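1. With the sequence up front, the predicted model follows.
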Amino acid sequence: MSDYRFIIVDDHPLFRGALSQALRASFESAEIIEAGSLDELTDRLATAGETDLILLDLTMPGVQGVSGLLYLRAQHPEVPVVIVSASDDAATIRHCLDCGASGFIPKSQPVESIRDAIRKIMDGEVWLPPDIDLSTMPSGESTELVSRLATLTPQQVRVLMMLGEGLLNKQIAYKLGVSEATIKAHVSAILQKLGVDSRTQAVIAINKIGGSTNDWPRVPN
């Protein structure tokens, strides 16, 4: 059948190609679309029509922690999202599920396991790696932070991601096609919703959730 449309979102072309091949082995006539960034994904979603599943990497340029997942769940709540990531600790998986992911597939899984996982997700199951113990729950502080992040609007999530890139208000305003005053209002709302006092603290907060353990970006205050 050609009923399925998948979008693979990963900034590594070789991995996108390998995952695409794995999908075709189970869904021979599916339409498989690739995107190398969240911006490309937004363009694909605008033109592709109804999408059955997004396979999203957590770590891409301009995406901090679960920000990409939060944006998709807010902007396109009707499209299931499964995380396919190299970050596979129990806390990260728990955070992704709390933020609305339909499953979590570590990149270290064998190809046949990835195929089986996607088949089960398409059947309505939530797939998790069998060797992960989710009884290792995140701390109360992390759980509260996930809840706060989930209250951000799609535009606020985009602004937060751009803050993480170190962009100034006027640069964010230019990219989003809005006024600088609008961005200032978004930033104020973000700080209030996250319960932090500065832009830097907001970016650090989202980096704490979802396997973003690299050096934290320096954000203009």
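-> Sure, I can see it.

2. So Ile32: helix, strand or coil?
-> Recorded secondary structure, Ile32: strand (DSSP: H, G, I helix; E, B strand; the rest coil).

3. Next secondary structure after the lowest-mean-pLDDT helix or strand in the chain?
-> Ranked by mean pLDDT, DSSP states H and E, the weakest helix or strand in the chain is helix 140-149, scoring a mean of 75. Going down the chain from helix 140-149, the next helix or strand is helix 154-164, by DSSP states H and E.

4. quick one on the thing from earlier: when you compare where the least confident helix or strand of the chain runs with where helix 154-164 runs, what's the angle?
-> Computed by axes from the mean of the first three to the mean of the last three Cα atoms, to 10 degrees, the angle separating helix 140-149 from helix 154-164 equals 120 degrees.

5. Just the buried positions in helix 140-149, please.
-> Buried residues in helix 140-149, counting neighbours by 16 or more other Cβ atoms under 10 Å, are found at Ser142, Leu145, Val146, Arg148, Leu149. All C-beta atoms are positioned from the backbone trio N, CA, C, and that covers glycine.

6. Identify the residues contacting it?
-> The contact list for helix 140-149, computed with Cβ atoms under 8 Å, 6 or more residues apart in numbering, reads 66-67, 70, 91, 95, 98-99, 137-138, 193-195, 205-206, 208-209.

7. hmm, 6 Å instead?
-> Here helix 140-149 makes contact (Cβ atoms under 6 Å, 6 or more residues apart in numbering) with Leu70, His95, Asp98, Lys193, Leu194, Ala205, Ile209.

8. Quick check: Ala205 vs Cys96, distance?
-> Per Cβ to Cβ, to the nearest Å, Ala205 is found 16 Å from Cys96.

9. Comparing these two, which shows the higher neighbour count?
-> Counting neighbours by other Cβ atoms under 10 Å for Ala205 and for Cys96 shows that Cys96 has the greater number, 28 against 20.

10. is it true that the more buried one lies in a strand?
-> No: applying three-state DSSP, one finds Cys96 to be helix, outside a strand.

11. In contact with it: list those residues for me.
-> Counting by Cβ under 6 Å, 6+ apart, Cys96 touches Ile83, Phe104.

12. Over to Leu134?
-> Neighbouring residues of Leu134 by Cβ under 6 Å, 6+ apart: Ala90, Arg94.

13. can you rerun that using 7 Å?
-> Ala90, Ile93, Arg94 (Cβ atoms under 7 Å, 6 or more residues apart in numbering).

14. Name the helix or strand for it, please.
-> Here Leu134 sits in a region with no helix or strand, counting by DSSP H and E.

15. now do Ala46
-> Under the criterion of DSSP H and E, Ala46 resides in helix 38-48.

16. Report the angle between that helix and helix 154-164.
-> Interaxial angle of helix 38-48 relative to helix 154-164 (the same axes, to 10 degrees): 150 degrees.

17. could you say what helices and strands helix 38-48 packs with?
-> The contact analysis (3 or more Cβ pairs under 7 Å, 6 or more residues apart in numbering; DSSP states H and E) places helix 38-48 against strand 5-9, strand 31-35.

18. one step back: wait, which of the contacts of Leu134 is closest to Leu58?
-> Top of the list for closeness to Leu58, among the contacts of Leu134 and by Cβ to Cβ, is Ile93 at 10.5 Å.

19. my guess is that closest one meets Ile105, correct?
-> No: between Ile93 and Ile105 there is no contact under Cβ atoms under 7 Å: 10.1 Å.
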